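Asker: pasting the structure only:
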RNA sequence: GUGGGUGUAGUUCAAUGGCAGAGCACCGGAUUGUGGUUCCGGGCGUUGUGGGUUCGACUCCCAUCACCCACCCCA
């Protein structure tokens, strides 16, 4: 063995590419219907962008970022997530001047994590960002996009979980309340949770250790600590979701990993694809744009993991994106026939016909076999008889029927047969 | 970063410490221009890599790398 692919990465081979293309086509189609437009940002940015936006203490920044310095000693990072770069572009190009902005992206992200089912070091995300309004209608519309996209693919076992993480003021109150609640139990918590008590008390809520679970069971709920504007926002968002007929469940334990989230937080959970069962997650981030140097601007967005989505689709036996196959496989018999047919090949291709031809296959039999293996719809046999008549023997590979077709009529004949 | 499992042919898998094998796939052939079914034929592969134990290692031990799964965290 000479070289192997870097850990936690994978190749998308041709047979997989058809699924990817089909999936992306569905996504872009729906995004277009919702009035979203594509934005593509570089896959690396100055490290500081992510450190500031995600939060210094977040795991992403602490241990998962691919950092490197360039020749002038500047620190860059492979993007671990898509929102901060989009917001950077929004501010840098003064996109606020064009009013509300609806943006979508699709591309690779990078996190230095131990690979696992549905988790990679280079992984792909699709996402939407809506920038420019705090109206809870947009929360509901964006969430409805995600729901329609996923359920529209045919997925059945989806669950939309909803929460509000409040604003900086009330979330601070909540953290204090949580610490007050857990403080007497500190001794019996697992070591991880004892750390979490200091850094992110909310993380105590979804610990998997049974004793922690029991203690967390009657902890105060985030929702009881929302201040009035946050409570109103959440109530309005929920009522819009009801009006849009999007089913959801309230889960006050939803925690966002990155620091910039405010108010509405949501997640699409899909059981049965391993421990990493979150297909997509997102929320409102009203403070982020100001934080990275723009004018205070409310926004909301989400990101979904493509690998997990593909696993879920496979899990439900949903296939999409077949290989288009070969339209016509050429079988010239002998050198003379081959030279005769050669000038035609690219002409036919320019007409949009997928041509198969392999000069390495010499015998008639092996050429027919190759036609069969490439799942060609038709084969064109050109021997002495056909040569003499400027024709090919067009063979339907499924029925086995064949008929002599003039070269000048081949394209039109094929087009009617293929479009059927 | 921590723990468990697994690495043998393109692939799925066999092989008490004693000659590395099978199915599928692939290639060739079964009278000269008809594939898919059938029949016949075709496999020396650094047993992931590097050490060690042994007369002898795919098999046991150590290290290392990769993959899978879980913790952690998240998409």
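Answerer: Nice, I can see it. This one's a predicted model, so the numbers in the text were calculated from it and none came from an experiment.

Asker: hey, let's count contacts and neighbours off CA atoms from now on
Answerer: Fine.

Asker: got the residues of the stretch 151-300 of chain A near RNA strand B?
Answerer: A:192, A:196, A:203, A:207-209, A:255-258, A:267, A:274-282 (Cα under 7 Å from any atom of the strand).

Asker: List the neighbouring strands of the helix or strand encompassing residue A:392 plus their orientation.
Answerer: Per DSSP states H and E: residue A:392 is located in strand A:391-396. Under the criterion DSSP bridges, strand A:391-396 sits next to strand A:378-382 (antiparallel), strand A:402-406 (antiparallel) in its sheet.

Asker: Okay, and which of the residues of the stretch 151-300 of chain A next to RNA strand B map to helices?
Answerer: Counted as lying in helices by DSSP state H, out of these, are A:192, A:196.

Asker: element containing residue A:150?
Answerer: helix A:136-152.

Asker: how distant is the lowest-mean-pLDDT helix or strand in chain A from the center of its chain?
Answerer: Lowest on mean pLDDT, DSSP states H and E among the helices and strands of chain A sits helix A:59, with a mean of 81. Here helix A:59 shows a centroid-to-chain-centroid distance of 22 Å under the convention Cα atoms, centre = their mean, to the nearest Å.

Asker: What is it packed up against?
Answerer: Applying 3 or more Cα pairs under 8 Å, 6 or more residues apart in numbering; DSSP states H and E, we find helix A:59 packed against no helix or strand.

Asker: Can you give me the end-to-end span of stretch A:325-345?
Answerer: Start-to-end span of stretch A:325-345 (Cα to Cα, to the nearest Å) is 17 Å.

Asker: let me redo that: stretch A:220-232
Answerer: Stretch A:220-232 has an end-to-end distance of 20 Å (criterion: Cα to Cα).

Asker: try stretch A:40-59
Answerer: Taking Cα to Cα, stretch A:40-59 runs 25 Å from one end to the other.

Asker: residues of that stretch that come out buried?
Answerer: Judged by neighbour count using 16 or more other Cα atoms under 10 Å, the buried positions of stretch A:40-59 are A:43-47, A:49-55, A:58.

Asker: do stretch A:125-142 as well
Answerer: Neighbour-count burial for stretch A:125-142 flags A:125-134, A:136-142 (criterion: 16+ other Cα under 10 Å).

Asker: what ranges do the helices span in the stretch 1-150 of chain A?
Answerer: According to DSSP state H, counting those that start in this stretch, the stretch 1-150 of chain A carries its helices in the segments A:14-33, A:47-54, A:59, A:83-92, A:136-152.

Asker: actually the stretch 201-350 of chain A, sorry about that
Answerer: Taking DSSP H, counting those that start in this stretch as the test, the helices found in the stretch 201-350 of chain A are A:210-217, A:228-243, A:288-291, A:306-315, A:335-350.

Asker: Please produce CSV containing the ones you listed, extended by mean neighbour count.
Answerer: Output for those, formatted as CSV (neighbours: other Cα atoms under 10 Å):
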stretch, mean neighbour count
helix A:210-217, 15
helix A:228-243, 17
helix A:288-291, 19
helix A:306-315, 19
helix A:335-350, 13
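
Asker: how about the residue in the stretch 101-250 of chain A that RNA strand B sits nearest to, phi and psi?
Answerer: Nearest residue of the stretch 101-250 of chain A to RNA strand B (Cα to the nearest atom of the strand) works out as residue A:117 at 3.2 Å. As for residue A:117, its main-chain torsions (degrees, to the nearest 10) stand at phi -50, psi 120.

Asker: ok, how many other residues are close to it?
Answerer: Neighbours of residue A:117 under the rule other Cα atoms under 10 Å: 13.

Asker: Could I get the pLDDT score of it?
Answerer: pLDDT for residue A:117: 89.

Asker: wait, it sits on residue A:272?
Answerer: No - applying Cα atoms under 8 Å as the test, residue A:117 and residue A:272 come out as separate, 11.0 Å apart.

Asker: Show me the common contact partners of these two, please.
Answerer: Here residue A:117 and residue A:272 have no joint contacts, going by Cα atoms under 8 Å, 6 or more residues apart in numbering.
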